[in-house]
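A.B. asks: The sequence isn't on hand, but the structure is:
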C-alpha cells in the first residue's frame, strides 16, 4: 500500500511559504486589491441604482451588494487555492503569480459546490433524525453527523488538488487515493490546523502588542469605531486590511498538505506499478 508521512505533509504549507514567499506576498496584495475593487464596484452600482431607479442605496447593498461581495471573496480564495496547486503541480505555468480564472478554477467551483451540497444534505438529514429521535439521543445524532461528515471530507478532499493535477473532477479517484489512509489524513489535517492556529495567534498577538503600544489599553476598544479612524488612521486601516493580507498564508498552510499528500501517494503508486 502507498504511504505518506502525515507530519511531513502537514508542514508542507510552511515549506511553500519559506520557498516561495514572494509569490505568497503577491497573492496577499492581489487578495486585498481585488476585494477593494469588488467593494468599489458594488458601491458604485448601488449609487447608480439609487440615482437612476430611485431606489435605496443601503437596501441595494444589503440585498445585492453584500451577498455578491461574499461570493467575490469566495471566488478569490478559490483562485488563490488553485494557484497554490498550480505552483506545486505545474510550476512551469507561472503566468502572473500562477493566478488565473480558467478551467481549473471552474472545476474547483464545481467540487466546492458538490461538497457544500453534500454537507448541507447531511446536516438536513441529521436535523430530521434528531427531531424524530428522543431528546436524549439528539446529541448523539449531532455527533454522529459531524463524525460522518468529517470522514467523508477526508475521503473526498483530494478532489480539489485533482482538479489541477489531473485536470478533471474525479471524486472516485479521491476515494481510491484516500483508501486506507483516513487516520493519517485526519492526523495531517489536525496537525496542520493546530500549526495554522498557532501562526494566527502569533500574528494577531504581535498586532495586538503593536496596537497596545501605540494607543494604550484604555483606547484599545475605540480603535474599531469612528474615533479610531480619526485618531489613529494608520492602525485603523491596518486593522481593516490585515485579514485580507493574512488570508493567503492561511490558505497555503491549510491546502498545501493535501497537495503534498497527493504527490506522495501518487508517487508511491507509480513506483509500485513500475516495480
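C.D. replies: Looks like it arrived, so ask away. Just so we're clear, the structure is a prediction, and the values are computed from it rather than from any experiment.

A.B. asks: Please make it C-alpha for all contacts and neighbour counts, starting now.
C.D. replies: Will do.

A.B. asks: Could you check how far the lengthiest helix in the chain is from the centre of its chain?
C.D. replies: When the chain is parsed with DSSP state H, its longest helix is helix 233-274. How far helix 233-274 lies from its chain's middle: 8 Å, per C-alpha atoms, centre = their mean, to the nearest Å.

A.B. asks: what do you get for stretch 118-125?
C.D. replies: Chain-centre distance of stretch 118-125: 20 Å, with C-alpha atoms, centre = their mean.

A.B. asks: Could you tell me which ranges of the stretch 51-200 of the chain sit under the pLDDT cut-off?
C.D. replies: In the predicted model, the stretch 51-200 of the chain carries pLDDT under 70 at residues 51-66, 133, 135-136.

A.B. asks: about what we covered before: which elements pack onto the longest helix of the chain?
C.D. replies: The contact analysis (3 or more C-alpha pairs under 8 Å, 6 or more residues apart in numbering; DSSP states H and E) places helix 233-274 against helix 6-10, helix 12-19, helix 21-53, helix 66-89, helix 159-165, helix 171-178, helix 182-215, helix 226-231.

A.B. asks: now that helix against helix 66-89, angle please.
C.D. replies: Interaxial angle of helix 233-274 relative to helix 66-89 (axes from the mean of the first three to the mean of the last three C-alpha atoms, to 10 degrees): 50 degrees.

A.B. asks: Please work out the average pLDDT along helix 233-274.
C.D. replies: Here helix 233-274 scores 79 as its mean pLDDT.

A.B. asks: So which of the helices and strands packed on helix 233-274 is the most surrounded?
C.D. replies: By mean neighbour count, with neighbours taken as mean count of other C-alpha atoms under 10 Å, helix 159-165 ranks first of the helices and strands packed on helix 233-274 at a mean of 25.

A.B. asks: list the helices and strands it packs on?
C.D. replies: With contacts taken as 3+ C-alpha pairs under 8 Å, 6+ apart, helix 159-165 sits against helix 66-89, helix 103-132, helix 171-178, helix 233-274.

A.B. asks: picking that back up, quick check: angle from the longest helix of the chain to helix 171-178?
C.D. replies: Put simply, helix 233-274 runs at 80 degrees to helix 171-178, going by the same axes, to 10 degrees.

A.B. asks: Reformat the helices and strands packed on helix 159-165 as TSV; add distance to residue 148.
C.D. replies: TSV is the format used below for the helices and strands packed on helix 159-165 (distance: least, C-alpha to C-alpha, whole Å):
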stretch	distance to residue 148
helix 66-89	25
helix 103-132	9
helix 171-178	15
helix 233-274	20
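
A.B. asks: Out of those, the one nearest residue 201 is which?
C.D. replies: Nearest to residue 201 among the helices and strands packed on helix 159-165 is helix 233-274; the distance by C-alpha to C-alpha comes to 11.9 Å.

A.B. asks: rewinding a little: dump the helices and strands packed on helix 233-274 into JSON lines; add distance to residue 139 as well.
C.D. replies: Conversion of the helices and strands packed on helix 233-274 to JSON lines gives the following (distance: least, C-alpha to C-alpha, whole Å):
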{"stretch": "helix 6-10", "distance to residue 139": "31"}
{"stretch": "helix 12-19", "distance to residue 139": "35"}
{"stretch": "helix 21-53", "distance to residue 139": "40"}
{"stretch": "helix 66-89", "distance to residue 139": "31"}
{"stretch": "helix 159-165", "distance to residue 139": "31"}
{"stretch": "helix 171-178", "distance to residue 139": "29"}
{"stretch": "helix 182-215", "distance to residue 139": "23"}
{"stretch": "helix 226-231", "distance to residue 139": "44"}
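
A.B. asks: No further questions, thank you.
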